[in-house]
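In: What would the 3D arrangement of this be:
(2 chains)
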Amino acid sequence: MKNILLACSSGMSTSLLVSKMEASAEALGEDVKIWAVGQDKAIADLPETDVLLIGPQMRFMQKKFEKAAEEYNVPVEVIDSMAYGRVDGEAVLKRALELAESK
Amino acid sequence: MNKFMSFLEGVLLPVADKLNNNRYLTALRDGFMVALPLIIFGSIFVVIANFPFLDMVISEEAFTAYQNALGPASAATLSIMGLFVIIGIGYKLTESYELESIYGGVVALAAFLILTPQILEETTGVIPTSVLGAEGMFLGIITAFVAAELYRFFVTRGWTIKMPAGVPGAVSKSFSALIPITMTLSVFLLIRFLFSITDFETAQTFIYSIIQEPLTALGSGLPATIIAVLFIQLFWFFGLHGQIIINSVLDPIWYTLNDQNLQAFQAGQELPNVVTKQFIDTFLVGMGGTGMTLAVIILIFAVGKSRQLKELGKLGAPAGIFNVNEPIIFGLPIVMNPLILVPWLIAPVIVTIVTFYSMSLGLVPKPAGIIVPWTTPPLLSGFLATGNAWQGAALQAVNLVIVMVIWWPFLKVMDKQYYEGEKSAENKDN
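Out: Coordinates of the predicted model:
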């Protein structure tokens, strides 16, 4: 099973995406755990995830998260802003799985 | 245009990075987050205690008894929010240095209490609750920073009592904090003494008159508010979370102004401030999502023809009602869209001016100092924020209409572009 963590300012808008990603994971038959948190809790959840995706509006946090994620070897990426705007669960899920594979 | 935009982004991104990752601003923001559940708890009971028309339905004694029964809920939380903010900041700042954070929290509180005059008129041995709210906010924040830093300084100096091996961990921990806390609080005792021999008499008066009063006076004005709103909009235009960046600088001012209104509201006096935390959150940038995009969603339903916009409206509406609008910001898109820049910057400024004057002229009651959770839907949030006044909801409705009117021509152009694009794509398919 792959664990996917999403982070934005308070975990509100990314949680929109979580439900879409879960729906598309079910359709694709992928076994995943996806959850969203606010930026202040993301670092605490790093040990439990295989990949950390951050909302584009928080992309100025990328460096900070990458530094913290090094220890756990967790890849960090900013979600594509078009996919984010369309709440395109499938595209984000596929990208997340790719990143989690490379871990 | 493109060159200019990438230049501007090149300027704003590092600013966002600096402001958001600054250790002190992060501690400040997270410290306020610690206090937030308590602030909202207190706010809920201020709303219930001041339920509209209740004073006309039940007798005067019954109403007083009702208010007295609910009073402690806000008196113990919202009215003395400074206390929790101080503990939160001390805790979070110490945590950022990976030290025993709870000691950072309590040492910050104790340091603040040392600086606080424990006397009210002739009565000694009391702490006036007013200094734990708005009045002491800035002193509290500064004290928390200094206390946590001093604590760290003395801990990293290694001036701790080392316990021999075999002593239980908890025991040696309690001793390890002893010297740093003693040193830190002694410094504050000295600071208190030094202020007592000046004309200011207390650190409280000094910070209040030198820093807090000028800053809150500036922050409560219309020009500063417009500038803050423009910055929030501009950050979002580049897809950066404007509030989280700007709030970390302005929250102390906005919360202080808010608390002044709350104290006046509960005392039944005239409210001193128009610009407060709720003024910003409920009537300007936070209404239906940043840039009041709920109005844009309504407009899409009203005049949108293209499939793309209609789909986006359906996608954005449920979240937009609860003031979450990332689908609109990134999906419309608003981000880096030169056509949208005009209404994006103008509409909030007009709304700010309208809201400011409708409150300062007395058409709409000023925000009562009640903190409404930011996900509360518009109309309801305006009603609650103004202390249960229907005019608050009406003003939000007016603001939404203003945004719709300003956006109309621009959205029409965009809709037409999308619509024609869709039509020609269909023709190609046929």
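
In: just the helices in the stretch 301-430 of chain B please.
Out: Using DSSP state H, counting those that start in this stretch, the helices of the stretch 301-430 of chain B run over residues B:307-321, B:326-331, B:338-360, B:380-385, B:390-429.

In: Contacts for the fourth one next, please.
Out: Helix B:380-385 is touched from outside by B:47, B:278, B:281-283, B:287, B:367-368, B:370, B:372, B:376, B:389-390, B:392-396, with contacts defined as Cβ atoms under 8 Å, 6 or more residues apart in numbering or on different chains. C-beta: built from backbone N, CA, C; applies to glycine.

In: cutoff 6 Å now
Out: B:Val47, B:Gln278, B:Thr282, B:Pro367, B:Ile370, B:Val372, B:Gly392, B:Ala393, B:Gln396 (Cβ atoms under 6 Å, 6 or more residues apart in numbering or on different chains).

In: Any part of stretch B:300-307 near chain A?
Out: No: interface with chain A: stretch B:300-307 contributes nothing (Cβ under 6 Å from any Cβ of the partner chain), its closest point being 13.0 Å away.

In: State the distance spanning the first to the last residue of that stretch.
Out: Across stretch B:300-307, the terminal residues are separated by 11 Å (Cα to Cα, to the nearest Å).

In: Okay, buried residues for it please.
Out: B:Ile300, B:Gly304, B:Ser306 (16 or more other Cβ atoms under 10 Å in any protein chain shown).

In: what is the rounded mean pLDDT of it?
Out: Stretch B:300-307 carries an average pLDDT of 92.

In: ok, now stretch B:24-35?
Out: Across stretch B:24-35, pLDDT averages out at 89.

In: Report the contact partners of the closest residue to chain B within chain A.
Out: Nearest residue of chain A to chain B: A:Gly85, at 2.9 Å (Cβ to the nearest Cβ). By Cβ under 6 Å, 6+ apart, the contact list for A:Gly85 reads B:Pro327, B:Phe330, B:Gly331, B:Pro333.

In: measure the second one to chain A for me?
Out: With distances taken as Cβ to the nearest Cβ, to the nearest Å, B:Phe330 is found 3 Å from chain A.

In: ok, that residue touching A:Ile79?
Out: No: with contact defined as Cβ atoms under 6 Å, B:Phe330 does not count as touching A:Ile79 (9.1 Å).

In: Which positions in the stretch 201-350 of chain B make contact with chain A?
Out: For the stretch 201-350 of chain B, the contact set with chain A under Cβ under 6 Å from any Cβ comprises B:Gly239, B:Leu240, B:His241, B:Ile244, B:Ala319, B:Val324, B:Glu326, B:Pro327, B:Phe330, B:Gly331, B:Pro333.

In: now with 7 Å?
Out: By Cβ under 7 Å from any Cβ of the partner chain, the residues of the stretch 201-350 of chain B that approach chain A are B:239-241, B:244, B:315, B:319, B:324, B:326-327, B:329-331, B:333, B:335.

In: biggest separation within those residues, which pair?
Out: Between any two of these, the greatest separation by Cβ to Cβ is 23.3 Å, found for B:Ile244 and B:Leu315.
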